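Enquirer: give me coordinates for this.
(one chain, ligands or ions: 1)
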Amino acid sequence: MLGSLSAAALPAQQRRASRPKIKITDVRCAIIGQSPVVRIVTDQGISGYGQAETRKVYLRPMVLFYKDLILGEDPTDVERVMMKIRRLGAFKPWGAAVSAIEIALWDIAGQVAGVPVYKLMGGKIRDRVRIYNGGLRPAFKGQEPQHYAEVVQQMKEAPEGFTLIKMAVAFHNPAQMNAMPGQWYDEPRTGTPHSNKGMLTEKGLKRIIASVEAMKKVLGDEVGLALDAGPGWMMKDAVNFCKAVEPMHLAWVEDMLTGDYSPYPNADLYRDLKMQTTVPIHTGEQIYNRQNFKDLIEKQAVDVLGPDPEDVGGIGEMKWITEYADLHGILMAPHGIFDGLIGLAAHVHLAAALPQNFIAFEYPYGQPDWWYDIVDGLPNPIVKKGFIDVWDSPGLGVTFRVNAAKARLSPEDRGFFD
Ligand SMILES: [Mg+2]
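Expert: Below is the predicted model:
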């Protein structure tokens, strides 16, 4: 018996013994279009790719900052590598490089093991994942309620068949707030994103509510509506707005008090808001690291969390946060609008393996359009009836068409694929 067991086990043992330890030999970053892409190169001909939000065109030196810290490491020991760099990240945008590296490590680990990344996240519990549309929308023709109705009508009719739509209102939407003077008690501010804040006038509050009513009239109960609404609200305005829209059964209202580039979670204020309304309260896209979700989760300060895998520290970090949120009755709807097509792949593998508090992730799309011509591995069409089928190729399962992609590189990044 012992003899036959040994004989059966021998080939596998030999395989294990014959595989040399894989090592990281280079860490590169190219800005492709406006999108930072990280490539981790190994000594065994396998590379892993990760991406950061489109628009973070300044990311290259931040990625290279971590290079010397992880050269020579085994990229399949993802956590061991991350322990070297995770403490050197911070709230958005300073967690982006760490996050992109983490995703590239999982891509390598999946390829080495010959399995899709969702297997490394614990295995899939769903064969297709729900997305929400937070950014694919036609241009607004104005800022009156009928213009909001027109835009969501077209979003409702989109071929992707989105089941959930998110729209920007209030301080998250400068066009709405600047369409007429006197909607809040401060001067309009420009420069950094979403820098307006203050107490609303009655006129301003009513205009925002009217835009939401117009959208709900179009969407009815056929397509869910979430709002990205801040940051910048004062507490009582936030409560009054939420109470006014309670009969509309919104999916959530996002980042009213703090969010986006606010470098703190603000759990106590969110808890105050959450306790005063039945509207689901959502935050988290700017937050880095599981530790910074501790208060929000343990104080049950919000109803929905929305970290972005490309800012929070990666997909392993997201899995941990989602599981902990689930233990506390909190839902998960990851942010992702600018995460690009490699980011889309990371979202799909992650979402396949998230627990049942997962609602949907925000659909990232190729920007500009030629991004769809430089990668292979995505389904065609990508979205069917508001869902994406989970694919089974090893790693993230999205690879570059190198010749086509090379043609899009800037001179500075010429050697990226070599
Ligand atoms: Mg948002």
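Enquirer: for the ion, what are the nearby residues on this protein?
Expert: Taking Cβ under 5 Å from the ion as the contact definition, the chain meets the ion at 228, 254. To be clear about C-beta, it is placed using only N, CA and C from the backbone, and glycine gets the same treatment.
Enquirer: could you chop the chain up by domain?
Expert: 22-118+404-413, 121-393 (automatic domain parsing).
Enquirer: kindly reformat those domains as CSV containing mean neighbour count and mean pLDDT.
Expert: Output for the domains of the chain, formatted as CSV (neighbours: other Cβ atoms under 10 Å; pLDDT from 0 to 100):
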stretch, mean neighbour count, mean pLDDT
domain 22-118+404-413, 20, 97
domain 121-393, 20, 97
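Enquirer: host element of the nearest residue to residue 44 once chain neighbours are set aside?
Expert: In this structure, residue 44 finds its nearest non-sequential neighbour in residue 22, 5.0 Å apart by Cβ to Cβ, 6 or more residues apart in numbering. Using DSSP states H and E, residue 22 is not contained in any helix or strand.
Enquirer: next up, the contacts around residue 22.
Expert: 42-44, 46, 74-76, 108, 112 (Cβ atoms under 8 Å, 6 or more residues apart in numbering).
Enquirer: cool, and residue 176?
Expert: Contacts here follow Cβ under 8 Å, 6+ apart; on that basis residue 176 touches 143, 168-170, 207-208, 211.
Enquirer: go again using 7 Å as the cut-off
Expert: 143, 169-170, 211 (Cβ atoms under 7 Å, 6 or more residues apart in numbering).
Enquirer: and the residue of the protein that's closest to the ion?
Expert: Taking Cβ to the ion as the measure, the chain has residue 228 as its residue closest to the ion, at 4.2 Å.
Enquirer: which parts of this structure are strands?
Expert: 24-32, 35-42, 47-51, 128-132, 164-168, 224-228, 253-254, 281-283, 304-305, 331-332, 361-362, 375-376, 387-389, 399-400 (DSSP state E).
Enquirer: report the angle between the first one and strand 47-51.
Expert: Here strand 24-32 runs at 40 degrees with respect to strand 47-51, directions being taken by axes from the mean of the first three to the mean of the last three Cα atoms, to 10 degrees.
Enquirer: strand 24-32 pairs with which strands, parallel or anti?
Expert: In the sheet, strand 24-32 lines up against strand 35-42 (antiparallel) (DSSP bridges).
Enquirer: for the stretch 201-350 of the chain, what spans make up the helices?
Expert: For the stretch 201-350 of the chain, helices defined by DSSP state H, counting those that start in this stretch occupy the ranges 202-219, 235-245, 267-274, 294-298, 309-312, 315-327, 340-353.
Enquirer: contacts for the last one next, please.
Expert: Helix 340-353 has contacts (Cβ under 7 Å, 6+ apart) with 35, 37, 49-51, 54, 103, 116-118, 121-126, 129, 309-310, 315, 318-319, 334, 336, 339, 358, 361, 364, 366, 371, 375, 378, 388, 390, 396-398.
Enquirer: how about the second one?
Expert: The list of residues contacting helix 235-245 from outside it, by Cβ under 7 Å, 6+ apart, reads 199-200, 205, 208-209, 212, 253, 256-257, 269, 272-273, 276-277, 279.
Enquirer: check the fifth one too.
Expert: If you take Cβ under 7 Å, 6+ apart as the criterion, helix 309-312 is touched by 51-53, 92, 95-96, 99-100, 103, 285-289, 315, 318, 334, 339, 343, 346-347, 350.
Enquirer: with stretch 366-386 instead?
Expert: 33-34, 54, 130-131, 160-163, 340-341, 388-389, 391, 393, 397-401, 404-405, 408.
Enquirer: run the last query once more with 8 Å
Expert: For stretch 366-386, contacts defined as Cβ under 8 Å, 6+ apart pick out 32-35, 54, 128, 130-131, 159-164, 338, 340-342, 344-345, 363, 388-389, 391, 393, 396-401, 404-405, 408.
Enquirer: over to stretch 88-96?
Expert: Residues from elsewhere that reach stretch 88-96 (Cβ under 8 Å, 6+ apart): 36, 52-53, 56, 59, 62, 65-66, 69, 97-99, 260-264, 285-289, 292, 308, 310-313.
Enquirer: let's see it at 7 Å
Expert: 52-53, 56, 59, 98, 261, 263, 286-288, 310-313.
Enquirer: roughly how far is that stretch from the heart of the chain?
Expert: Relative to its parent chain, stretch 88-96 has a centroid offset of 14 Å by Cα atoms, centre = their mean, to the nearest Å.
Enquirer: how long is that stretch from one end to the other?
Expert: End-to-end distance for stretch 88-96, by Cα to Cα, to the nearest Å: 11 Å.
Enquirer: roughly how far does residue 24 sit from residue 247?
Expert: Using Cβ to Cβ, to the nearest Å, one gets 55 Å for the distance from residue 24 to residue 247.
Enquirer: scratch that, residue 121
Expert: The span separating residue 121 from residue 247 equals 38 Å under the rule Cβ to Cβ.
Enquirer: swap in residue 336?
Expert: Relative to residue 247, residue 336 is positioned 30 Å away (Cβ to Cβ).
Enquirer: with residue 277 instead?
Expert: Counting by Cβ to Cβ, the gap from residue 277 to residue 247 is 12 Å.
Enquirer: with residue 97 instead?
Expert: For residue 97, the distance to residue 247 - Cβ to Cβ - is 44 Å.
Enquirer: ok, now residue 301?
Expert: Applying Cβ to Cβ, the value for residue 301 to residue 247 is 24 Å.
Enquirer: ok, now residue 88?
Expert: Counting by Cβ to Cβ - residue 88 and residue 247 are separated by 47 Å.
Enquirer: what's the answer for residue 78, then?
Expert: 46 Å.
Enquirer: re the thing from before, include distance to residue 217 when you put the contacts of residue 176 into JSON lines, please.
Expert: What follows is those, written out as JSON lines (distance: Cβ to Cβ, whole Å):
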{"residue": "143", "distance to residue 217": "17"}
{"residue": "169", "distance to residue 217": "15"}
{"residue": "170", "distance to residue 217": "19"}
{"residue": "211", "distance to residue 217": "11"}
